[in-house]
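Chemist: Kindly generate the corresponding structure for this input.
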Amino acid sequence: MLKSRIALAAVAAAAIGGGVAAVAVPSAGAATAHHAPRRKAGRKASGPALTVKLAKVHVVAGSGTTVRWVLVDAAGKAVYMLTGDTPSHPKCTSTTCHSAWPALTTKAKRLTAGKGVKGRLGVWHHGKISQVTLNGHPLYTFAADSVGTASGEGIVNFGGTWELFAASGKPMPKTAGKTSSTSKSGGW
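Modeler: I've put the predicted structure just below:
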């Protein structure tokens, strides 16, 4: 557990420092290995890798924080989409973007979502990475986030707005007037 926290801290530090290595380092790579099924002697692992799941996260927006049920990667970091960003029309293409918003990548052959998560998972192969998609949206993490805390919701840059996902597989609905309503279903 300590090793994966140190690895996440190193990835975030490299991303914030602007290193290109952050693009090649999977944001969920090491964590997905912990969820891989055990191998039987002489057989390849054929089970799916847990890619996204639902978890309570402290969402920081402005001067307030609310606890929301959002999608996270296998390591527990919140996953985001960039509005208007699709595999056919990518917006997060620069090293600067990938340093701040590392792509959620995988090496798994089959992907699965955690209990209660709706939507279709896929993989977008581009450059030297295999980026996870949900309902056609490429997924990212935010370098400034930590496990259990999301601070990138609503940031406008790189040609769109960064949004968290609800259990529905759609961007998290915005709350009117900063209410602190919490729901497992993702509908507020």
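Chemist: what's the longest strand in this protein?
Modeler: Under DSSP state E, the strand in the chain containing the largest number of residues is strand 49-61.
Chemist: Can you point out the buried residues in that one?
Modeler: 49-55, 57, 59-61 (16 or more other CB atoms under 10 Å). C-betas here are computed from N, CA, C, even on glycine.
Chemist: And the helix or strand following that strand, what does it pack against?
Modeler: Sequence-wise, the next helix or strand downstream of strand 49-61 (DSSP states H and E) is strand 64-73. Under the contact definition 3 or more CB pairs under 8 Å, 6 or more residues apart in numbering; DSSP states H and E, strand 64-73 sits against strand 49-61, strand 160-164.
Chemist: So what are the sheet partners of the last one and their directions?
Modeler: Strand 160-164 sits in its sheet next to strand 80-82 (antiparallel), strand 156-157 (antiparallel), going by DSSP bridges.
Chemist: Select, out of those, the one closest to T96.
Modeler: Across the strands paired with strand 160-164, the minimum distance to T96, taken as CB to CB, is reached by strand 156-157, at 9.4 Å.
Chemist: and that closest one, average pLDDT?
Modeler: Averaged over strand 156-157, pLDDT sits at 95.
Chemist: which other residues reach it?
Modeler: Contacts of strand 156-157 with the rest of the structure, by CB atoms under 8 Å, 6 or more residues apart in numbering, involve W162.
Chemist: Show me the shaky parts of the chain.
Modeler: When residues are selected by pLDDT under 70, those of the chain lie in 1-48, 174-188.
Chemist: how about 50 then?
Modeler: Low-confidence regions of the chain, defined by pLDDT under 50, span residues 1-46, 176-188.
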